[in-house]
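Colleague: sequence plus the predicted model coming up.
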Amino acid sequence: MSSDDQNSPSRGPRIPEHVRALTPYQPGKPIEEVERELGLTDVVKLASNENALGPSPAGLAAAHEALNGVHRYPEGGAVMLARRLAERLGVAPEQLAFGTGSNEVIDLLIRTFVRVGEPVVMSADAFVVYALITKSFAGKPVQIPARGFHHDLEAIRAAVTADTKMVFLANPNNPTGTIFGRDEWRAFMSDMPDDVVVVVDQAYYEYVDDPSYPEVLDELDRYPGLVVLRTFSKIYGLAGLRLGYGIGSAEIMQALSRVRQPFNTNLVAQAAALAALDDEDHVARSRELVRKGRALFAEELDAMSLGWVPSQANFVLVEVGSGADVTQALLERGVIVRPMDGYGFPNHVRITFGTDQENARCLDGLKHVLVDRG
Ligand SMILES: Cc1ncc(COP(=O)(O)O)c(C=O)c1O
């Protein structure tokens with residue numbers, strides 16, 4: 001019997017090698033699970049870059065209303081939402097494609113453009129889902145070492161060859177929270193071949209306030225392979241409803257809608273997103289809360305002499321010694337943060353900014369944990 005056979009069930013279908021080799025995505029621990037496991041109440045979750053203010057109230061009301069109609073299928077292409085968003089973004093509705101979270105749009109892009117063994121280029125510190133989905137389609141992730149918690153755009157560009165089908169850039173990136181600026185972006189795209197799909201993931205777009213941030217959406221006409229990703233999971237507070245979208249040429253988006261399932265985004269999510277889009281008060285309050293969180297953590301982490309990475313998103317990467325140990329110690333104090341071993345940062349944890357009380361719980365926990373650990 002070969003070692004391969006030993007890993008397979010004795011009967012039934014063989015799991016393909018590239019699937020067996022996948023490491024499943026490790027989400028942040030759910031609050032209920034931690035409360036059950038550790039016998040705690042009042043657990044605070046700062047582990048999944050969610051919106052601490054909760055869902056947009058307007059989105060939530062629309063979701064409740066939409067529940068009355070769930071005996072009907074949703075609009076396949078989220079037509080109403082596409083119209084409204086297109087107006088807002090200054091593109092045509094045909095330039096949008098929706099997914100069950102922007103995760104699904106990443107999946108659709110790879111499924112549409114990347115065939116077995118073909119390279120997809122990304123930064124080694126980028127959002128792990130790009131590599132995970134590439135591998136799930138038996139594509140070849142080419143992961144370029146980061147430069148001091150930043151995507152190294154020059155090295156990423158140098159890794160694009162005639163075989164490259166797709167490049168992923170996260171701006172801001174998760175888990176570092178860093179961005180690349182306009183000049184770097186321009187240089188990166190200056191001689192990019194037109195047939196490479198360049199995906200710029202802007203899941204945290206609404207939180208950015210660095211003036212050097214490139215508005216890549218304005219450049220869709222200039223670069224035919226450019227696709228921008230956005231989501232309702234973050235500032236709009238609708239992560240649990242799962243709705244994200246891509247913006248690109250009508251040709252690319254039409255290709256995605258050929259491969260997507262007929263009703264890939266649900267009716268409740270579409271209605272909630274449509275209402276949340278116009279909930280400017282919730283967006284402004286969410287942005288403000290994150291700005292306050294950034295300033296508070298900067299001050300407190302400095303006071304604790306901890307290293308941290310300046311962030312343009314709703315979270316911060318903090319150097320704590322053993323990330324796994326500190327995560328566990330914080331967990332026992334009822335605070336869930338995210339260890340970063342999976343990203344190659346075993347000495348860091350990633351902390352999502354919460355409400356004032358949640359931030360205080362976390363910082364207080366960190367102080368105690370670090371003192372206890374000497
Ligand atoms: C950079 C980045 N892109 C995309 C996503 C996926 O978001 P969703 O599928 O909820 O839209 C996340 C989620 O954390 C993210 O951090």
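Modeller: Cool, got the structure.
Colleague: okay, buried residues for stretch 63-81 please.
Modeller: Buried positions in stretch 63-81, judged by neighbour count with 16 or more other C-beta atoms under 10 Å: 63, 66, 74, 77-78, 81. C-beta coordinates here come from the backbone N, C-alpha and C atoms, glycine included.
Colleague: need those in JSON lines (columns: secondary structure, distance to the ligand and pLDDT).
Modeller: What follows is the buried residues of stretch 63-81, written out as JSON lines (DSSP: H, G, I helix; E, B strand; the rest coil; distance: C-beta to the nearest ligand atom, whole Å; pLDDT from 0 to 100):
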{"residue": "Ala63", "secondary structure": "helix", "distance to the ligand": "16", "pLDDT": "98"}
{"residue": "Ala66", "secondary structure": "helix", "distance to the ligand": "19", "pLDDT": "98"}
{"residue": "Pro74", "secondary structure": "coil", "distance to the ligand": "17", "pLDDT": "97"}
{"residue": "Gly77", "secondary structure": "coil", "distance to the ligand": "18", "pLDDT": "90"}
{"residue": "Ala78", "secondary structure": "coil", "distance to the ligand": "14", "pLDDT": "95"}
{"residue": "Leu81", "secondary structure": "helix", "distance to the ligand": "14", "pLDDT": "98"}
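Colleague: contacts only, for Leu306.
Modeller: Taking C-beta atoms under 8 Å, 6 or more residues apart in numbering, we find Leu306 in contact with 318-320, 366, 370.
Colleague: buried subset of these, written for PyMOL?
Modeller: Provided next is the PyMOL selection string for whichever of the contacts of Leu306 are buried by 16+ other C-beta under 10 Å:
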select buried, resi 318+320+366+370
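Colleague: would JSON lines of the contacts of Leu306 with distance to Leu226 and pLDDT be doable?
Modeller: Below are these laid out as JSON lines (distance: C-beta to C-beta, whole Å; pLDDT from 0 to 100):
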{"residue": "Val318", "distance to Leu226": "33", "pLDDT": "98"}
{"residue": "Glu319", "distance to Leu226": "34", "pLDDT": "97"}
{"residue": "Val320", "distance to Leu226": "37", "pLDDT": "96"}
{"residue": "Leu366", "distance to Leu226": "40", "pLDDT": "97"}
{"residue": "Leu370", "distance to Leu226": "44", "pLDDT": "89"}
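Colleague: name the nearest of the contacts of Leu306 relative to Gly244.
Modeller: Nearest to Gly244 among the contacts of Leu306 is Val318, at 27.0 Å by C-beta to C-beta.
Colleague: next to the ligand, which bits of this structure? Give me the list.
Modeller: The chain has residues 49, 101-103, 127, 170, 174, 201, 203, 231, 233, 239, 244 near the ligand, with proximity defined as C-beta under 6 Å from any ligand atom.
Colleague: which residue does the stretch 51-200 of the chain bring closest to the ligand?
Modeller: Using C-beta to the nearest ligand atom, the single residue of the stretch 51-200 of the chain nearest to the ligand is Gly101, 2.5 Å away.
Colleague: could you measure from Phe297 over to Glu215?
Modeller: The gap separating Phe297 from Glu215 is 27 Å, by C-beta to C-beta, to the nearest Å.
Colleague: give the next helix or strand downstream of the helix or strand containing Leu296.
Modeller: According to DSSP states H and E, Leu296 maps onto helix 280-303. For helix 280-303, the following helix or strand on the C-terminal side (DSSP H and E) is strand 307-309.
Colleague: residues making contact with that following strand?
Modeller: 149, 176-178, 297-298, 301, 316-319.
Colleague: out of these, which is nearest to Cys362?
Modeller: For the contacts of strand 307-309, the closest approach to Cys362 (C-beta to C-beta) belongs to Phe297, at 8.7 Å.
Colleague: quick one: what helix or strand has the residue nearest to that closest one when sequence neighbours are not counted in it?
Modeller: Spatial nearest neighbour of Phe297, excluding adjacent residues (C-beta to C-beta, 6 or more residues apart in numbering): Val316 at 5.3 Å. According to DSSP H and E, Val316 maps onto strand 315-319.
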